[in-house]
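**Student:** Build me a structure from this.
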Amino acid sequence: MITYTSTVKADQEEVLAFEFTDSIGNSAPVDGGIRNITLTDGGAEVVLDPTDATGKTLIVRSDITTGSFPTTSTVNAEVDVDMGEGVKTLAIVLTVVTNAAEAVAANVTSGGLRPRGTTV
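**Tutor:** Residues are numbered from 1 along each chain as shown. Here you go, the predicted model:
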């Protein structure tokens, strides 16, 4: 199983490129790309990068379904590691933690006019 935690702000996304390896760290082929991407918890979005023809790059988008932060989402996916006719899957589990974005503006509410020097 491959596990990874992505921590992003609400206005961000992260690009994850996968290079699969064998048990001693050598590059290893897989049969096709990452597939069966399923959100199992939370509101983050994980999609295949449409610019990667190999299907081994994911785009992790923050959870913007809530106004309360931080949020945690879980995404499951898999890749076929059997280079033959069969299917042997390697599970991929992504945890996406979304934090609030930094303030860039403010809503200002007037408290009304009053005589100068008024004490509260």
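**Student:** can we go C-alpha only for contacts and neighbour counts from here?
**Tutor:** OK.
**Student:** contacting residues for the residue nearest to Thr7 when sequence neighbours are not counted?
**Tutor:** In space, and not counting its chain neighbours, Thr7 is closest to Val97: 4.7 Å by C-alpha to C-alpha, 6 or more residues apart in numbering. For Val97, the contact set (C-alpha atoms under 8 Å, 6 or more residues apart in numbering) comprises Thr5, Ser6, Thr7, Val8, Ser62, Pro70, Thr71, Thr72, Ser73.
**Student:** rerun that using 10 Å as the cut-off
**Tutor:** 5-10, 42, 44, 62-63, 69-74 (C-alpha atoms under 10 Å, 6 or more residues apart in numbering).
**Student:** repeat for Phe20
**Tutor:** Phe20 sits in contact with Ile2, Asn26, Ser27, Ala28, Pro29, Val30, Lys56, Val79, Val81, where contact means C-alpha under 10 Å, 6+ apart.
**Student:** Could you single out the nearest of those residues to Thr38?
**Tutor:** Val79 (12.9 Å; C-alpha to C-alpha).
**Student:** element containing the closest one?
**Tutor:** If you go by DSSP states H and E, Val79 is part of strand 71-80.
**Student:** What strands line up against that strand, and which way round?
**Tutor:** Here strand 71-80 is paired, per DSSP bridges, with strand 31-41 (antiparallel), strand 89-99 (antiparallel).
**Student:** just how off-centre is the last one within its chain?
**Tutor:** Between the mean C-alpha location of strand 89-99 and the chain-wide mean there is a distance of 7 Å, by C-alpha atoms, centre = their mean, to the nearest Å.
**Student:** now swap in the first one and tell me
**Tutor:** Computed by C-alpha atoms, centre = their mean, the separation of strand 31-41 from the middle of its chain amounts to 13 Å.
**Student:** And the contacts of Phe20, which of them are buried?
**Tutor:** Listed as buried from the contacts of Phe20 are Val30, Lys56, Val79, Val81; burial here means 16 or more other C-alpha atoms under 10 Å.
**Student:** Skip the chain neighbours and tell me the closest residue to the third one.
**Tutor:** Using C-alpha to C-alpha, 6+ apart and skipping residues adjacent in sequence, the residue nearest Val79 is Ile34, 4.8 Å away.
**Student:** hang on, isn't the one you found packed against Leu48?
**Tutor:** Yes - using C-alpha atoms under 10 Å as the test, Ile34 is close enough to Leu48 to be in contact (7.7 Å).
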